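K.L.:
sequence first, then the predicted structure, then my questions.
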2 protein chains.
Amino acid sequence: MTNNQKDSGVLDTMNVTGIIAEYNPFHNGHAFHIEETRKNTNADYCIAVISGSFVQRGAPALVNKYDRTKMALEHGIDLVIELPVIAATSSAETFAQGGVCLLDSLGVVSHISFGAEVNTTSDIDMLDKLADFFAFEPPAFQKYLDLELKSGCSFPAARAKAAVLCLQQMAFDSMNTDTVAQLVQLLASPNNILAIEYMKAIRRQNLKLTPSVVTRNGAGYHDTDTDTELASASALRKFIFQDNSCQGTDSEVLNQMLTRTVPDSVRELLLNAYKTHAFLQEDDFSDLLYYELRRKFLRSASSDPDTECSDLEKRIANNLETFTCWSDFVSDLKTKNQTYTAISRHLLHAFLGIDAELLAAAKNCHYAPYARILGFRKDASPLLKELQEHSQIPLLRKIAKERQSLTPEQQQLLDLDVYASDLYNRILFSKTGIQRKNEYRQPLIIL
Amino acid sequence: MTNNQKDSGVLDTMNVTGIIAEYNPFHNGHAFHIEETRKNTNADYCIAVISGSFVQRGAPALVNKYDRTKMALEHGIDLVIELPVIAATSSAETFAQGGVCLLDSLGVVSHISFGAEVNTTSDIDMLDKLADFFAFEPPAFQKYLDLELKSGCSFPAARAKAAVLCLQQMAFDSMNTDTVAQLVQLLASPNNILAIEYMKAIRRQNLKLTPSVVTRNGAGYHDTDTDTELASASALRKFIFQDNSCQGTDSEVLNQMLTRTVPDSVRELLLNAYKTHAFLQEDDFSDLLYYELRRKFLRSASSDPDTECSDLEKRIANNLETFTCWSDFVSDLKTKNQTYTAISRHLLHAFLGIDAELLAAAKNCHYAPYARILGFRKDASPLLKELQEHSQIPLLRKIAKERQSLTPEQQQLLDLDVYASDLYNRILFSKTGIQRKNEYRQPLIIL
């Protein structure tokens, strides 16, 4: 996990920056982020590590990964690598660790660039300190966290409160009220949480990647405003699925919104997906989720009724009778302590058959078992050459051939990625009649 | 499995006949069969053992089991019992064994009535002799069967040929050419194959049930003619699904066909199902089947690639990439030796998670672990009283309460029945929005 190879050869003159993203879908904010990144890090090449068929909020990607790869390559990214599904659909901590370790393992990346909701250099310093704190949490932290959770806080809120309490106790920077307020505010933003996770992963693994922060403009992560040209992906999805309910009507309203919020070529691609009903959401997988949960419940009911099972598992069993669809089921399962997305991720893992064995295999390689290339720009061939030479993990371009040379653990994780995409493609086919190529036959996207 | 209880008390004066059926859907031919049965056996009560949510051709029932129970009770049946799904979706041999043993285990049934395509008493004698032959197959039979299968015959054809060869060799009735032709013809009818299986099961288990044959009139089992008032259930389903493809149009054509072929109250129920899109067929379960098979394949691929696996399993793995829907997949998997329905049953068992352990549990109790009542006529209360007294297997009316008093094996099989119905109801809900009661809450149909 070190990258001392960077100190020799062409790499001395090649500046490569990594970005971890979902591009679900790609929008003006992403284009802006890539542009700023290139300026800030003086990057010769930008590599994006993106989620594949399923994303971190425990849901299928709005559009398939090859189309999202195309979007990225058309707007400033030189090479796209898939984040293994097990990391892509895990908690922010694991998602970030997977992305950061993947970038580092390529052996050519010097910087990692991410967005954060920060206004001052003091904010950035603070993020840095928070990353340090979370990377090596003092034992007291867990105690505070448990107390906050018991008082009925959501996990993110409890985590922020416990951190502030700990930091105050540690007399961190002889903290005053303003500093506390600043901390609380910083920790309230999902983007900052991810930023902290990236920095934390770098510290924990002792990596040489240099973090580069792009200040987020426009709408916040959960902002549903699509009137701004910097709307969030979440706002775009919300708009699409609200509008989607009346898909019989013409797509002019969607067109107008997309004209404001996404680059032109992305707009065309999204409009086409809209017209062919090819946007997927978790509720398209409701039947499969029900089947998986019901099957599991049948087995556990007929074996040992007293098997140890988590509180969430019990709630799943108790609520299954009134299951209607994925999203309503998550809402039914929600408690004060568990966020909607945490529950969705749990269900997605059950649906994908991600069990303790697979999680252990993934953890074993820091969630970066291989670098599967989804696409690249032709003019990035010098970068590819360097990657070929310096990558510390297998670089996959044609998995049909390359699978055999992987270790059994790597194969297991690759099979899981292929499996997840096969399920995604199956539901896409059921819904639209669009038959995508099998993952083993899907050519790379080369622009 | 004996029924000597019948020799005492009220039973001396009570004449109860059993019928094994699917009523998928109920039609004039079924009404005729019940009517004839009552005459032939002088029955005071008729009990029907019917398939539940899935049927013997390896597919979901066209309409749910409670509606089919209602159809039966409205047209001459006094009590309806569910054939456990494991028997209902197995080969003709197991289906028949399950049905016959269930009827016998009730302790009150004297006759079993079934249809057969026979024209003369000589035909009936011959069926009887064939049942004897198949009940205690000579060792040579398997040799002949293997030879015929190797020559490329389908299983049913190979079975008929091998039987004829064996019988000739045994100089059975000093067989002449006419007799051979008669045998071949009798064995070519699916109804006769079932009839033979019923008689065979009675012989093998040494039961005291008296078989009663109703000569089948009208259309044959596979006949697709719906112009006759005695159309087959298969013809009705074919008509419905051809017509169903243009469900936007009015249902007058279907109405006309049903007016000819089914009793009035059944017609109303079917028209309503048609209007609400509530007819289910195997292709409604395509996503779930794909998920199950793909999941299984992922596991086997990542464990031992050399695990022993049947020729059919290999074909399933090889064809999965081009899976589009259940019915096309069965067609893709079909070989000369394996019938469409045999493959469909195999897939259905995979889909329902019916494995060697469950099959062994079912076999252990002759596929008749309990008698789950789906409905009855109020005026059949004397019959119910007798059943309560004489049944050799648990009689289930309210499974929520009664489940606990079952053995673990019985519980496992009941859970499977509930599971199968839950999956059926899930797909019904997905397709139509109709939410049926959970099996534990579904009241009996009482007319």
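P.N.:
Yes, it's here.
K.L.:
the helix or strand of chain A with the lowest mean pLDDT packs against which elements?
P.N.:
In chain A, no helix or strand scores lower on mean pLDDT, DSSP states H and E than helix A:233-244, which sits at a mean of 84. Other elements packing on helix A:233-244 under the criterion 3 or more CB pairs under 8 Å, 6 or more residues apart in numbering or on different chains; DSSP states H and E are helix A:252-261, helix A:264-275. Just so you know, the C-beta spots here come from the backbone N, C-alpha and C atoms, and that holds for glycine as well.
K.L.:
quick one: closest of those helices to chain B.
P.N.:
Chain B sits nearest to helix A:264-275 of all the helices and strands packed on helix A:233-244, at 20.1 Å, using CB to the nearest CB.
K.L.:
name the residues of the closest one that are buried.
P.N.:
For helix A:264-275, burial by neighbour count (16 or more other CB atoms under 10 Å in any protein chain shown) applies to A:266-267, A:269-270, A:273-274.
K.L.:
contacts for it next, please.
P.N.:
Here helix A:264-275 makes contact (CB atoms under 8 Å, 6 or more residues apart in numbering or on different chains) with A:25-27, A:62-63, A:67, A:70-71, A:74-75, A:240, A:244, A:247, A:251, A:254-255, A:258-259, A:262, A:278-279.
K.L.:
can I get the helices and strands packed on helix A:233-244 in TSV including mean pLDDT and distance to A:His346?
P.N.:
Below are the helices and strands packed on helix A:233-244 laid out as TSV (pLDDT from 0 to 100; distance: least, CB to CB, whole Å):
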stretch	mean pLDDT	distance to A:His346
helix A:252-261	92	31
helix A:264-275	94	28
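K.L.:
closest to A:Thr215 out of those helices?
P.N.:
Ranking those by proximity to A:Thr215 (CB to CB) places helix A:252-261 first, at 19.3 Å.
K.L.:
just to revisit the earlier point, please name whichever of the helices and strands packed on helix A:233-244 is nearest to A:Glu409.
P.N.:
Closest among the helices and strands packed on helix A:233-244, using CB to CB: helix A:264-275, at 35.1 Å.
K.L.:
can I get the closest one as CSV, trimmed to CA atoms?
P.N.:
Taking Å, rounded to 0.1, in the frame of the first residue of the first chain, the C-alpha atoms of helix A:264-275 are listed here in CSV:
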residue,chain,number,x,y,z
ASP,A,264,-25.6,18.6,-23.3
SER,A,265,-24.4,15.1,-24.1
VAL,A,266,-25.5,13.9,-20.7
ARG,A,267,-28.9,15.4,-21.3
GLU,A,268,-29.3,13.5,-24.5
LEU,A,269,-28.3,10.2,-22.9
LEU,A,270,-30.7,10.8,-19.9
LEU,A,271,-33.6,11.8,-22.2
ASN,A,272,-33.1,8.6,-24.1
ALA,A,273,-33.1,6.6,-20.9
TYR,A,274,-36.3,8.4,-19.8
LYS,A,275,-38.0,7.6,-23.1
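K.L.:
quick check: angle from it to helix A:252-261?
P.N.:
Angle of helix A:264-275 versus helix A:252-261, following axes from the mean of the first three to the mean of the last three CA atoms, to 10 degrees, is 160 degrees.
K.L.:
anything in the longest helix along chain A near chain B?
P.N.:
Identified as the longest helix of chain A according to DSSP state H is helix A:408-432. Yes - remark: helix A:408-432 sits within contact range of chain B at A:408, A:411-412, A:415-416, A:419, A:422-423, A:426-427, A:429-430, by CB under 8 Å from any CB of the partner chain.
K.L.:
which stretches in chain A count as strands?
P.N.:
Taking DSSP state E as the criterion, chain A contains strands spanning A:16-21, A:45-51, A:54-55, A:59-60, A:79-83, A:111-116, A:210-215, A:371-376, A:395-396, A:445-446.
K.L.:
which neighbouring elements make contact with the longest one?
P.N.:
Counting contacts by 3+ CB pairs under 8 Å, 6+ apart, strand A:45-51 is packed against strand A:16-21, helix A:28-41, helix A:65-74, strand A:79-83, helix A:92-105.
K.L.:
try 6 Å
P.N.:
Strand A:45-51 is packed against strand A:16-21, strand A:79-83, with contacts defined by 3 or more CB pairs under 6 Å, 6 or more residues apart in numbering or on different chains; DSSP states H and E.
K.L.:
partner strands of that strand, parallel or antiparallel?
P.N.:
Strands that pair with strand A:45-51, judged by DSSP bridges, come out as strand A:16-21 (parallel), strand A:79-83 (parallel).
K.L.:
so how far is A:Glu197 from A:His346?
P.N.:
Note on A:His346: its distance to A:Glu197, by CB to CB, to the nearest Å, is 19 Å.
K.L.:
who's more crowded, those two?
P.N.:
When neighbours are counted by other CB atoms under 10 Å in any protein chain shown, A:His346 and A:Glu197 differ, and A:Glu197 comes out ahead with 24 against 20.
K.L.:
show me the domain layout of chain A.
P.N.:
Following automatic domain parsing, one gets these domains for chain A: A:4-117+A:215-280+A:363-446, A:121-188.
K.L.:
return the most buried member of the ones you listed.
P.N.:
Among those, ranked by average contacts under mean count of other CB atoms under 10 Å in any protein chain shown, first place goes to domain A:4-117+A:215-280+A:363-446 (a mean of 20).
K.L.:
distance from the chain centre to that domain, please.
P.N.:
Chain-centre distance of domain A:4-117+A:215-280+A:363-446: 9 Å, with CA atoms, centre = their mean, to the nearest Å.
K.L.:
same deal with stretch A:273-288?
P.N.:
Computed by CA atoms, centre = their mean, the chain-centroid distance of stretch A:273-288 equals 19 Å.
K.L.:
now the angle from the longest helix of chain A to strand A:371-376?
P.N.:
Using the same axes, to 10 degrees: helix A:408-432 against strand A:371-376 is 40 degrees.
K.L.:
now do helix A:408-432: which elements does it pack against?
P.N.:
Contact here means 3+ CB pairs under 6 Å, 6+ apart; on that basis helix A:408-432 packs against helix A:85-88, helix B:286-302.
K.L.:
what bits of chain A have low per-residue confidence?
P.N.:
Applying pLDDT under 70 to chain A flags the ranges A:1-12, A:171-174, A:217-224, A:243-250, A:301-308.
K.L.:
name the residues of it found near chain B, please.
P.N.:
Contact residues (CB under 6 Å from any CB of the partner chain) of chain A with chain B: A:287-288, A:290-291, A:294, A:298, A:301-302, A:321, A:412, A:415, A:419, A:422, A:426, A:430, A:438.
K.L.:
just flag the most distant two among those.
P.N.:
Across those, the longest distance by CB to CB is 36.8 Å; it joins A:Glu321 and A:Asn438.
K.L.:
residues making contact with the longest helix of chain A?
P.N.:
A:53-54, A:60, A:84-85, A:276-278, A:284-285, A:352, A:361, A:369-370, A:434-436, A:439, B:287, B:290, B:294, B:298, B:302 (CB atoms under 6 Å, 6 or more residues apart in numbering or on different chains).
K.L.:
sounds good, over and out.
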